[in-house]
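[1] Prediction below, plus the sequence it came from.
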Amino acid sequence: MLPFVPRSVAGIKRQHPLGGEKVPPRTASTDLEHAKASSPQVVGRIADALLAIVPELAREFAQDTHVMRMLDHDAVRRVCAVSAHLLDAFRLLAQLGCVEVSGYHVSFSGSDTHTLFVEGIPGHRRPLEAAQFIHALAGGVLYGIYAPSADGVRVQSADELRSAFVVVDAAASAALLERWGWNSDWMTHDKALTGQPSHVVDAALANFRCMPRDTWLERRDEYLAWRHELIAQNTATAKKRADERREHEKKTRTHTASACVQVPHVFFSAPITRAASQAAYKSYFAQFVQNAVDYIDVRADEGVIYQR
């Protein structure tokens, strides 16, 4: 049996004194070599998730940070555990201008960010594809994109986006609001689309538009207040109608009553069937109070008619 070897020693690349196997240390180089050929689908999904946390990472890490250090961050660790995949994902994000990759080191762009709400992203685009599309429209730097939420807070999502919050720099924000502002109508004219790039045409046909996040929050609050008022009005109306219906039922409520009528035998002298006599007597009594007689039971042998 091999003797106990402390964990601090077990990871050192050397031969065990009694002939045990070599345990290679986990280093940046071996981790990167472990997944040299990264799957584009895997890297794309990691980039989708990173787009929701890039602004947070920019605040956490200094410039020129080694990719292995980022794997210690909780948010990054939930997204990816292999530094090679993480590095390839950052290379994709570098196309948006939010990061710079040099070797195994990543640097984040400046922190002058503006958050916009965008609607009408054409097609079925995942976060990275949507970010690339918006970056093509606005230029500048795109720091992140995430799915809209009720509170406007950042949430991670790998679903296809039709609307989203995008975090961009001042230049991209001005370009988007000037051309694709919420009430802009230049794209409604066919002549405005003549000779435009395909992504511009796609955006116009999908009614792509945007507004600042603060404006979106104001409109959300207005909608919630209107919705609360509408629900209160509908509740009050329904309660009023229910009260009126109860009052009406109290005034027009009908009560079931039964009666036993003694009839002389001469009434039963005619040779008619029991069913015919019941129908005849029901019609007779109904002429006094319309729709008041529900049931008739004729007992000719007893000289009695039961009615309800």
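    Yes, it's here.

[2] use CA for all of it now, contacts and neighbours both
    Noted.

[3] how many other residues sit next to the closest residue to H105 other than its chain neighbours?
    Here the nearest residue to H105 in space, its sequence neighbours aside, is H66; by Cα to Cα, 6 or more residues apart in numbering that works out to 4.3 Å. Here the number of neighbours of H66 (other Cα atoms under 10 Å) works out to 20.

[4] pretty sure H66 contacts V106?
    Yes - H66 is within contact range of V106, at 6.3 Å (criterion: Cα atoms under 8 Å).

[5] so what's W182 up against?
    R209, C210, M211 (Cα atoms under 8 Å, 6 or more residues apart in numbering).

[6] wait, V54
    C98, Y143, G144.

[7] which one of those is nearest F61?
    F61 lies nearest to C98 out of these, by Cα to Cα, at 13.6 Å.

[8] Now for that closest one: which residues touch it?
    C98 touches V54, F108, S109, V141, L142, Y143, counting by Cα under 8 Å, 6+ apart.

[9] if we can go back for a sec, keep only those of the contacts of W182 that are in strands.
    R209, C210, M211 (DSSP state E).

[10] what about the last one, neighbour count?
    Burial of M211, expressed as a neighbour count using other Cα under 10 Å, amounts to 20.

[11] isn't it right next to R179, touching?
    No - using Cα under 8 Å, M211 is not in contact with R179, being 11.2 Å away.

[12] Using a markdown table, lay out the contacts of W182 together with distance to S184 and pLDDT.
    Compiled in a markdown table, the contacts of W182 are given as follows (distance: Cα to Cα, whole Å; pLDDT from 0 to 100):
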| residue | distance to S184 | pLDDT |
| --- | --- | --- |
| R209 | 8 | 91 |
| C210 | 9 | 92 |
| M211 | 11 | 93 |
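
[13] Mind listing residues that contact the helix or strand hosting I46?
    Taking DSSP states H and E as the definition, I46 sits inside helix 40-50. Helix 40-50 is contacted from outside by 76, 79-80, 85-86, 88-90, 92-93, 126-128, 144, 156-158, using Cα under 8 Å, 6+ apart.

[14] how about a cut-off of 10 Å?
    54, 56-57, 75-76, 78-80, 84-93, 126-131, 144-146, 155-159 (Cα atoms under 10 Å, 6 or more residues apart in numbering).

[15] Point out the ones among these that are inside helices.
    54, 56-57, 75-76, 78-79, 84-93, 127-131 (DSSP state H).

[16] And the buried ones among those, selectable in ChimeraX?
    Selection of buried members from the ones in helices among the contacts of helix 40-50 for ChimeraX, criterion 16 or more other Cα atoms under 10 Å:
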select :54,57,75,76,79,84,85,86,87,88,89,90,91,92,93,127,128,129,130,131
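
[17] From S109, how far off is the spatially closest residue to R77 that is not a sequence neighbour?
    Spatial nearest neighbour of R77, chain neighbours left out: L71 (5.5 Å); criterion: Cα to Cα, 6+ apart. L71 sits 20 Å away from S109, going by Cα to Cα, to the nearest Å.
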